[in-house]
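Asks: need a structure here:
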Amino acid sequence: MSRCELLLPALLLLVSVQVNYSLQYDSAESSRYYHPTGAFSESGSNLRYDAPDDCKYRILPGNEVDLACNLRTVNSEFDNTNFSVIPAEHTAALSILCNEAIMARSKLLPNSFVHLVRLKALSLEFCKIAKFSSSVLAGLGDLRNFTLRTHNIAWPELNLEIEPDAFGYTRNLEVLDLSTNNIWSLPDHLFCSLTGLRSLNISSNRLQDVNDLGFREKGVKDELEPSEGHKSNSSGSVAPPVSCALDLEDLDVSKNHFVLLPAAGFGMLKRLKMLKIHDNEISMVGDKALSGLKELQILDLSSNKLVALPTDLFRDPAQSIQEIYLQNNSISVLSPGLFSKLEQLQALDLSQNQLTSAWVNRETFGGLIRLVLLNLASNKITKLESEIFSDLYTLQILNLRHNQLEIIAADTFSPMNNLHTLLLSHNKLKYLDAYSLNGLYALSLLSLDNNALTGVHPEAFRNCSSLQDLNLNGNELTQVPLALKDMRLLRTVDLGENSISIIEEPGFRGMNNLYGLRLISNNIENITRKAFKDLPSLQILNVARNKITYIEKGAFEPAVSVQAIRLDGNLLTDIDGLFTSMPNLVWLNISDNKLEHFDYSHIPPHLQWLDLHRNELTELTNRYGL
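Replies: So this is what the prediction gives:
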């Protein structure tokens, strides 16, 4: 027998393995994985591992291997996939990524991974699987983390069907991700065997009934129960699917098609801490929708179609709930006492709803003694009662942007001595009173931009001694507010888009730490040496889009730290002597002016960026050969 005849069987075997796998590896992931020809881990291990073609691997602590493979498809009309070539020894994690551009259906055969007895994590992405049978995961008794995301959601005609007892062989699962699979329904008691499950993600599917999840607490009457969809028992009442009592902590059922939350729909999940139901079509919520969830900490019901919530919704999780997200609904009514007694609540988001002042009052937030973040932006609030925030002495962030507030009554915010961020932009405020901001000693950021302010009382900021960032742009101010005087901690001030014509008086006295000053789009015509004499720390100055025709020589010299200046969109005809004594200037924009002549001696030699376009230059010179 010739040497070639001896080698032929081995060569055919290699070719067979290569054809069966049809793998293509994504180079973007190569930095995380070693080459299949052997590798050394960071700990110095010289473990040799025979990875299949087009797979990469990395060595984990304890000589375990994380294997990542890119396949065209799995057992489709194009490919026959043989997972048995994956070494069982050391393989603890396996990631399979199919080519998302190929529309051929993939298939997971029974016992596909049966030999990988050490596998703890398995992930399949973009494989167009239509059916997931009960024996696919046979042999994986030690599997802890399983992800199956077909991304069929992008193709309506492709949906994933899961067989009953699909996870019967993987009872030790702790994390299960079935998101983005275009799942229309789930078999009864699908998750009942997963007694160790802690995190479940079924988001981005097409589920329509919360009861089908199988977590409904039995014996709880619900006025919202549909009259059809489940078989009736002998008494004529609706019989929900078999429920499972699990120790689940995180549940994500967002981006489905639920239309209502029935009573005790998740009542069997006694240990649940986080529930995400955002981006559904929920318009009705049962009185006892959160019944049984006494350990719930985070609830996200944002981006639904809610118009109101039942008064007793938070009765069971009252002592545990910490974060509630209700933004982007159509809520126009808040039942009295809805949030009362939620003493652990730290974050409440009610933005992008239809709330008016009639439903946002003192009783609304009474008893929220640990609230840190309150978002009421994008509602229809016209006024704030003087004692509306009386219990919110721990609040740190308050967002009231995009409402219809016309006035801030005295002492409205005075109980909130820990507030560091107050956002009042895009309202209808006309004047800021001397007592409007009383008690805000910790306030660091104040946004009053895009209102209708014509004036600010000289004492308006007297209690805001910690203020660092102030936005007053987009108003109707005609001068720099005297209230800025001696605001020594201010770092940035935005006065752009107003009607200010003179900046020398009253000026910026006592603002020794000001870093950035924005005065774009005002009516400034002249800048003298007095303008910035009290700003030794100024580094960024924006006076673009004004009507500046004259700048006194040396006007910028007192601001010795300035690094960037915008003067574009003005009427300057000459800049000689304006910037030569500015040792830190590196960025200068003087485009869109009326300059006819430019010499390189006009700018400091260390300047790095200069914009001169849209001028009327007829001559560029270099007088000193710089």
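
Asks: in the stretch 1-150 of the chain, which spans are helices?
Replies: Counting by DSSP state H, counting those that start in this stretch, the stretch 1-150 of the chain forms helices over residues 3-21, given from the N-terminal end onward.

Asks: which intervals of it have sub-threshold pLDDT?
Replies: By pLDDT under 70, the low-scoring segments of the stretch 1-150 of the chain are 1-45.

Asks: Which parts of the stretch 1-150 of the chain are strands?
Replies: 55-60, 64-71, 91-98, 121-125, 131-132, 145-149 (DSSP state E, counting those that start in this stretch).

Asks: For Ser320, find the nearest of those.
Replies: Ranking these by distance to Ser320, with CB to CB as the measure, places strand 145-149 first at 26.5 Å. The way it works is simple: take the backbone N, C-alpha and C, and place the C-beta from them, glycine included.

Asks: Which secondary structure state does Phe579 sit in?
Replies: Going by DSSP: H, G, I helix; E, B strand; the rest coil, the secondary structure assigned to Phe579 is coil.

Asks: Just the pLDDT for it.
Replies: At Phe579, the predicted lDDT confidence score is 94.

Asks: Not counting sequence-adjacent ones, nearest residue to Glu459?
Replies: With CB to CB, 6 or more residues apart in numbering as the criterion, Glu459 has its nearest non-adjacent residue at 4.2 Å, and that residue is Ala434.

Asks: Check whether the one you found really touches Gly455, as I assumed.
Replies: No - in this structure, Ala434 is not within contact of Gly455 by CB atoms under 8 Å, at 11.5 Å.

Asks: who touches both of these two?
Replies: Shared contacts of Ala434 and Gly455, defined by CB atoms under 8 Å, 6 or more residues apart in numbering, are not found at any residue.

Asks: which residues sit in contact with Ile407?
Replies: 383, 429-431, 433.

Asks: what would those residues look like in JSON lines with distance to Ser135?
Replies: Supplementary listing: the contacts of Ile407 in JSON lines, determined by distance: CB to CB, whole Å:
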{"residue": "Lys383", "distance to Ser135": "65"}
{"residue": "Leu429", "distance to Ser135": "67"}
{"residue": "Lys430", "distance to Ser135": "72"}
{"residue": "Tyr431", "distance to Ser135": "74"}
{"residue": "Asp433", "distance to Ser135": "73"}
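
Asks: Would you convert those into CSV that also reports neighbour count, pLDDT and secondary structure?
Replies: As requested, the contacts of Ile407 are exported to CSV (neighbours: other CB atoms under 10 Å; pLDDT from 0 to 100; DSSP: H, G, I helix; E, B strand; the rest coil):
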residue, neighbour count, pLDDT, secondary structure
Lys383, 17, 96, coil
Leu429, 20, 98, coil
Lys430, 14, 97, coil
Tyr431, 16, 97, strand
Asp433, 15, 95, coil
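
Asks: From these, pick the one nearest Glu64.
Replies: Minimum distance to Glu64 across those is 60.9 Å, recorded for Leu429 (CB to CB).

Asks: Can you read off the pLDDT for the closest residue to the closest one other than its chain neighbours?
Replies: Taking CB to CB, 6+ apart as the measure, Leu429 lies nearest to Asn451, with 4.1 Å between them; neighbours along the chain are not counted. What the model reports as pLDDT for Asn451 is 99.

Asks: okay, now Asn451: neighbour count?
Replies: 23 (other CB atoms under 10 Å).

Asks: Am I right that it falls within a helix?
Replies: No - per three-state DSSP, Asn451 lies outside any helix segment and is coil.

Asks: Provide a list of residues in contact with it.
Replies: Asn451 makes contacts with 424-430, 474-475, as judged by CB under 8 Å, 6+ apart.

Asks: List the ones among the residues you listed that fall in helices.
Replies: Where the contacts of Asn451 are compared with helices, as defined by DSSP state H, there is no overlap at all.

Asks: which stretches of the stretch 301-450 of the chain form strands?
Replies: So, for the stretch 301-450 of the chain - with DSSP E, counting those that start in this stretch - the strands run 323-325, 347-349, 373-375, 397-399, 421-423, 431-432, 445-447.

Asks: and the fifth one, how far out from the chain's middle?
Replies: Between the centre of strand 421-423 and the centre of its host chain there is 19 Å, according to CA atoms, centre = their mean, to the nearest Å.

Asks: can you list the weak-confidence ranges in the stretch 201-350 of the chain?
Replies: In the stretch 201-350 of the chain the weaker segments, taking pLDDT under 70 as the threshold, are 219-243.

Asks: give me that answer again for 80
Replies: Residues of the stretch 201-350 of the chain meeting the criterion pLDDT under 80: 218-243.

Asks: Just the buried residues of the contacts of Asn451.
Replies: 424-427, 429, 474-475 (16 or more other CB atoms under 10 Å).

Asks: In CSV: the strands of the stretch 1-150 of the chain, plus mean neighbour count and distance to Phe579.
Replies: As requested, the strands of the stretch 1-150 of the chain are exported to CSV (neighbours: other CB atoms under 10 Å; distance: least, CB to CB, whole Å):
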stretch, mean neighbour count, distance to Phe579
strand 55-60, 22, 54
strand 64-71, 22, 56
strand 91-98, 21, 55
strand 121-125, 18, 56
strand 131-132, 17, 69
strand 145-149, 20, 57
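
Asks: Could you dump the ones you listed into TSV and include distance to Lys594?
Replies: Output for the strands of the stretch 1-150 of the chain, formatted as TSV (distance: least, CB to CB, whole Å):
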stretch	distance to Lys594
strand 55-60	62
strand 64-71	60
strand 91-98	59
strand 121-125	59
strand 131-132	72
strand 145-149	60
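
Asks: Quick one: closest of the ones you listed to His278.
Replies: In this view, the strands of the stretch 1-150 of the chain are compared for proximity to His278 by CB to CB, and strand 145-149 is the closest at 18.6 Å.
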